[in-house]
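J.: Here's my sequence, what's the structure:
(2 chains)
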There are 2 protein chains.
Amino acid sequence: MARMPRFERHIFICTNQRPGADPRGCCAARGSEKVVEAFKLEMVRRGLKGRMRANKAGCLDNCARGVSVVVYPEGVWYGGVTAEDVAEIVEKHLVGGEPVERLRLRDGEFRAAASGSKA
Amino acid sequence: MARMPRFERHIFICTNQRPGADPRGCCAARGSEKVVEAFKLEMVRRGLKGRMRANKAGCLDNCARGVSVVVYPEGVWYGGVTAEDVAEIVEKHLVGGEPVERLRLRDGEFRAAASGSKA
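T.: Numbering: from 1, shown residues only, chains lettered A, B, ... in the order given. Now for the predicted structure:
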């Protein structure tokens, strides 16, 4: 059944924290909270609040390539995102509809499916 | 550009916690952690791990109608979800492709767009 989507785009930023000794590292240690804040500020600044939403998420299972971000409904994944990348993602992708290719995770870069990662 | 999606379905469960005095309440107080665990267990039990993923999320902005859940890429929203509903959502919707209508949030039920809610 046809409906207006609740959000035109819904952005999830991994904020998972792993123990310091884990060789993969984690998004929290790479500054995910700053990325979340940058998305939220940019949403407000651009007048996108209500049309789009940025949310923290549990482990998106790309720990070694964090900060991980996924944008729905299109299902575009980004890796290695920093707060400095956020304005470009918002401008080009969320507003302009063109993903930022230099930050995209490619199919072969995703972690193997069977994993023991946390939520 | 055509790609295989990373996950056939990606489920986000709000686990936001508000101060006890907030009249809207919050998903955490309504048992969101149990809903997350139920989704994860059901994913494993049904052999869906790797094809689909359930993640915790920050505030999905439907605090009064929690536990809130959204399923992408289709963007189907549920409210009032309990751990007891999870097997039905997995069976009918995630596997069978038919949303569970009795739990769906309707367009008019979403909170007004301009909000001061947290991530």
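
J.: For A:F110, grab the count of nearby residues.
T.: Look at A:F110: counted by other Cβ atoms under 10 Å in any protein chain shown, it has 18 neighbours. C-betas here are computed from N, CA, C, even on glycine.

J.: How confident was the prediction at it?
T.: pLDDT, A:F110: 72.

J.: Ramachandran angles for A:V76?
T.: Backbone torsions for A:V76, taken as degrees, to the nearest 10, come to phi -90, psi 130.

J.: Okay, and the beta partners of it?
T.: A:V71 (DSSP bridges).

J.: Would you agree it is in contact with A:V70?
T.: Yes - with contacts defined as Cβ atoms under 8 Å, A:V76 counts as touching A:V70 at a distance of 7.1 Å.

J.: out of the two, which sits in the more crowded spot?
T.: Counted by other Cβ under 10 Å, A:V76 and A:V70 do not tie: A:V70 has more neighbours, with 24 against 21.

J.: Do me a favour and average the pLDDT over the longest helix seen in chain A.
T.: Using DSSP state H to define each element, chain A has its longest helix at helix A:32-45. Helix A:32-45 shows a mean pLDDT of 96.

J.: ok now the helix or strand just after that helix, how far from the chain's centre?
T.: Counting by DSSP states H and E, the next helix or strand C-terminal to helix A:32-45 is strand A:52-57. Strand A:52-57 sits 8 Å away from the centroid of its parent chain (Cα atoms, centre = their mean, to the nearest Å).

J.: Show the average pLDDT along strand A:52-57.
T.: In this model, strand A:52-57 has a mean pLDDT of 96.

J.: count of neighbours near A:A54?
T.: Using other Cβ under 10 Å, A:A54 has 29 neighbouring residues.

J.: Identify the bridge partners of it.
T.: A:I11.

J.: list the contacts for the residue positioned nearest the centre of chain A?
T.: Closest residue to the average C-alpha location of chain A: A:V69 at 1.5 Å, with Cα atoms, centre = their mean. Residues counted as contacts of A:V69 (Cβ atoms under 8 Å, 6 or more residues apart in numbering or on different chains) are A:11-14, A:35, A:77-79, A:81, A:89.
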